[in-house]
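>>> Here is a sequence together with a model predicted from it:
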Amino acid sequence: MSSSECFENPPTLLISTSNGVGTVQDVGGLKSYVTGSPHSKRAILFASDALGYETPKLRKLAAADQYLVVVPDFFYGDPSYPNNPDRDEWLKAHNTDKGHEDAKQVVAALKSKGLSAIGASGFCWGGNVVIKLAGSTDIQAAVVLHPGRVTDEDINEVKVPIAILGAEMDKIAPQEHIKHLGEILSAKSEIDSLVKIFPGVAHGWTVRYNDEDPFAVKSAEESHLDLINWFTKYVK
């Protein structure tokens with residue numbers, strides 16, 4: 001998954017943990033940004049891209065009244081940064097297999113608190129973590145947005161309804177490959193799936209868009225609506 005696209009278009013600021021929207025809590029042993037409804041029996045786990053759990057647009061997207069939303073710090077205070085010359089070493093230190101194990105701990109912790117239905121959504125690095133989660137029935141549904149490099153084997157293991165939202169101009173996950181993954185999913189008649197390619201956008205468009213670009217904002221908002229609709233349908 002090592003590519004400069006994973007580390008481009010950084011956030012211009014980080015959200016303070018005291019902004020009144022959410023709080024930082026320990027969930028399953030990981031520092032996590034928690035927002036949404038504290039009384040909900042339904043939860044959504046967000047797995048961030050390489051820039052980490054503090055990025056503003058990710059936290060803005062996490063605000064959902066009908067769910068408890070948890071955004072863990074899978075990088076333990078060590079997110080990457082734009083144009084990181086040591087990105088290969090960073091990815092070795094923060095591989096998605098470890099992210100998957102950590103995510104399972106978070107899901108288990110949520111279930112221990114009485115959460116009865118859990119969905120998971122991942123972006124780039126986090127998309128690969130969520131696809132691994134979707135290989136079990138620990139979660140009820142998954143949404144993956146501009147993932148890293150996903151293999152046929154990963155998709156063959158999927159056991160829950162999954163939506164994959166790709167970008168027309170994505171070098172990491174080219175639209176041809178995303179469509180190929182969709183063909184594999186279509187053959188799994190027991191699992192509902194959605195594969196959608198967004199025109200005119202590149203890797204990271206859902207959480208690293210330019211607020212001054214109306215087309216970029218519209219495309220991101222459409223992907224956010226798709227995400228919400230998928231979870232509304234399957235995380236009940």
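Right, received. Where do you want to start?
>>> Point me to the helix or strand that includes Glu190.
Counting by DSSP states H and E, no helix or strand carries Glu190.
>>> Where do the strands of the chain begin and end?
23-27, 30-36, 42-47, 68-72, 117-124, 141-147, 162-169, 193-202 (DSSP state E).
>>> Would you confirm that Val130 contacts Ala120?
Yes. At 4.6 Å, Val130 counts as touching Ala120 under the criterion of C-beta atoms under 8 Å. C-beta: built from backbone N, CA, C; applies to glycine.
>>> Any chance you could list residues touching both of these two?
45, 47, 103, 142-143 (C-beta atoms under 8 Å, 6 or more residues apart in numbering).
>>> elements contacting the lengthiest helix in the chain?
If you go by DSSP state H, the chain has its longest helix at helix 214-234. Contacts defined by 3 or more C-beta pairs under 8 Å, 6 or more residues apart in numbering; DSSP states H and E place helix 214-234 against helix 56-62, strand 117-124, strand 141-147, strand 162-169, strand 193-202.
>>> do that again at 10 Å, thanks
strand 42-47, helix 56-62, strand 117-124, strand 141-147, strand 162-169, strand 193-202 (3 or more C-beta pairs under 10 Å, 6 or more residues apart in numbering; DSSP states H and E).
>>> Can you add mean pLDDT and mean neighbour count and give these back as TSV?
Below are those laid out as TSV (pLDDT from 0 to 100; neighbours: other C-beta atoms under 10 Å):
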stretch	mean pLDDT	mean neighbour count
strand 42-47	98	27
helix 56-62	93	20
strand 117-124	97	28
strand 141-147	97	28
strand 162-169	98	23
strand 193-202	98	17
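>>> would you list the ones you listed in TSV and tack on distance to Asp26?
Formatted as TSV, the helices and strands packed on helix 214-234 follow (distance: least, C-beta to C-beta, whole Å):
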stretch	distance to Asp26
strand 42-47	15
helix 56-62	17
strand 117-124	18
strand 141-147	24
strand 162-169	29
strand 193-202	34
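>>> wait, which of the ones you listed is closest to Tyr81?
strand 117-124 (14.5 Å; C-beta to C-beta).
>>> could you check the angle strand 141-147 makes with that closest one?
10 degrees (axes from the mean of the first three to the mean of the last three C-alpha atoms, to 10 degrees).
>>> Compute the inter-axis angle for strand 117-124 and strand 68-72.
Using the same axes, to 10 degrees: strand 117-124 against strand 68-72 is 40 degrees.
>>> For strand 117-124, which strands pair with it and how are they oriented?
In the sheet, strand 117-124 lines up against strand 42-47 (parallel), strand 141-147 (parallel) (DSSP bridges).
>>> can you pull the contacts of the most centrally placed residue in the chain?
With distances taken as C-alpha atoms, centre = their mean, the residue of the chain nearest its centroid is Gly122 (1.3 Å). If you count contacts by C-beta atoms under 10 Å, 6 or more residues apart in numbering, Gly122 has them with 45-49, 74, 96, 99, 103, 128-134, 142-148.
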